[in-house]
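**Q** I would like the atomic coordinates for the input below:
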Amino acid sequence: MQKTAKRERKPSKEAPVSTAETGKALARGRSNVRTQQGETRGRILACARAEFAEKGFAGARTESIVRAAGVNPNLLYHYFGSKEQLFVAVMEDVYSDVRSHHGDLELENLAPEEAIRRFTEATFDLFVASDDVIRLFS
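**A** Down below sits the predicted model:
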């Protein structure tokens, strides 16, 4: 039976890294991952919005969406679960855009007729500026 010699660890010449520095580095790494995930999810959502607006729910293909987004098909299902849930996310995004657009109008201090007129004009302007909204609503 042969004895194996124990290796002695030589002390590192680098300065020790503090726990706080390690924590900050880990937080930066997690933040970068979240940012990348958010960008990937957003890219899929934007490509899906265009696909659904152009072809409708029935005509839209997840293969076309992932190809346009430049992602693996598994990522689409990871973030959204199904084509139906992706469509719901697209519509929530569209409604969020509409609500945000209307939120800036400050209608509460206007007379009802003026508020309706301003709301209608703003909605029309939004539809002109974002024709995909009309196609998605229809």
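**Q** which is the next helix or strand following the strand or helix carrying Cys47?
**A** Here Cys47 is covered by helix 19-59, with elements defined by DSSP states H and E. Downstream of helix 19-59, the first helix or strand assigned by DSSP H and E is helix 62-69.
**Q** run the chain-centre distance for that next one.
**A** With CA atoms, centre = their mean, to the nearest Å as the basis, helix 62-69 stands 15 Å off its chain's centre.
**Q** from the rest of the structure, what touches that helix?
**A** Helix 62-69 is contacted from outside by 40, 43-44, 46-48, 50-51, 72-73, 75-76, 83, 86, using CB atoms under 8 Å, 6 or more residues apart in numbering. For the C-beta atoms, the positions are set from N, CA and C on the backbone; glycine is no exception.
**Q** number of nearby residues for Gly59?
**A** 10 (other CB atoms under 10 Å).
**Q** please apply the same query to Asp93.
**A** Asp93: 16 neighbours (other CB under 10 Å).
**Q** so how far is Gly38 from the closest residue to it other than its chain neighbours?
**A** Among residues not flanking Asp93 along the chain, Leu45 sits closest, at 6.0 Å (CB to CB, 6 or more residues apart in numbering). Distance, Leu45 to Gly38, using CB to CB, to the nearest Å: 10 Å.
**Q** what about those two, which has more around it?
**A** Ranked by neighbour count (other CB under 10 Å), Leu45 and Gly38 place Leu45 first, with 20 against 10.
**Q** now the more buried one: how far from Tyr79?
**A** From Leu45 to Tyr79 the distance is 8 Å (CB to CB).
**Q** what's the answer for Arg41, then?
**A** Counting by CB to CB - Arg41 and Tyr79 are separated by 5 Å.
**Q** same deal with Gly42?
**A** 10 Å.
**Q** could you redo the contacts of helix 62-69 as TSV and give each row pLDDT, distance to Asp125 and neighbour count?
**A** Formatted as TSV, those follow (pLDDT from 0 to 100; distance: CB to CB, whole Å; neighbours: other CB atoms under 10 Å):
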residue	pLDDT	distance to Asp125	neighbour count
Thr40	91	32	18
Arg43	94	27	16
Ile44	95	28	25
Ala46	94	22	15
Cys47	95	26	20
Ala48	96	25	25
Ala50	94	21	17
Glu51	95	25	23
Asn72	92	38	11
Pro73	94	37	13
Leu75	93	35	16
Leu76	94	33	25
Lys83	96	31	17
Leu86	97	28	24
